[in-house]
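Dropping the sequence and predicted coords here.
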Amino acid sequence: MSSVFTFIPRPIYEFAGLDMASRYAFGLIYDRLQLSAKNRDRFTDHYGLYCVFSRESMAAEMGITVPTLRKAIKQLIDRELITSRMAEAGGCWRYYLLQRARDSIEMQDMPDYLPYLR
């Protein structure tokens, strides 16, 4: 459901205390996961549905440096909202949305965002 807007979670529930860079990174990953869900057979492995993003392109889209992005991604992983794995080639990463993030999105009354990821 890619559009000109990115879903950025409010700083409540599981997202409370996360800085803006972390919440923005989550929004970009979430948006990309919605596209992956439309091609589920191609973007699912034994860990689940994933999206592919290079850190360089994500950082450029956010207007931040790669080290700042790494810090933001680490916050999301530490909060158990996402997990990531290095992709096979091209310096890209696979990002997976964890159940805790899905639950928090539901609590924020954003159910329209979830059907693609189930």
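Perfect, thanks for sending it.

can you give me the strands in the protein?
Ranges of strands in the chain, per DSSP state E, are 44-45, 48-49, 51-54, 82-86, 92-97.

Please name whichever of those strands is nearest to F15.
strand 82-86 (11.8 Å; Cβ to Cβ). C-beta coordinates here come from the backbone N, C-alpha and C atoms, glycine included.

Check which helices and strands that closest one sits against.
helix 66-78, strand 92-97 (3 or more Cβ pairs under 8 Å, 6 or more residues apart in numbering; DSSP states H and E).

Single out the most deeply packed of these.
strand 92-97 (a mean of 20; mean count of other Cβ atoms under 10 Å).

so what does it touch, helix or strand wise?
Using 3+ Cβ pairs under 8 Å, 6+ apart: strand 92-97 touches helix 20-37, strand 48-49, strand 51-54, strand 82-86.

Pipe these into a markdown table and attach distance to A101 per row.
Below are the helices and strands packed on strand 92-97 laid out as a markdown table (distance: least, Cβ to Cβ, whole Å):
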| stretch | distance to A101 |
| --- | --- |
| helix 20-37 | 7 |
| strand 48-49 | 12 |
| strand 51-54 | 13 |
| strand 82-86 | 7 |
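
TSV for these, including mean neighbour count?
Output for these, formatted as TSV (neighbours: other Cβ atoms under 10 Å):
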stretch	mean neighbour count
helix 20-37	20
strand 48-49	16
strand 51-54	18
strand 82-86	15
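
looking at those, which is closest to A72?
Between the helices and strands packed on strand 92-97, helix 20-37 lies closest to A72; by Cβ to Cβ that is 4.1 Å.

Now do the closest one: everything it contacts.
The set of residues external to helix 20-37 that reach it, using Cβ atoms under 8 Å, 6 or more residues apart in numbering, is 1-2, 6-9, 11, 15, 18, 42-43, 49-53, 58, 61-62, 64, 68-69, 71-73, 75-76, 81-82, 95, 97, 101, 113, 116-117.
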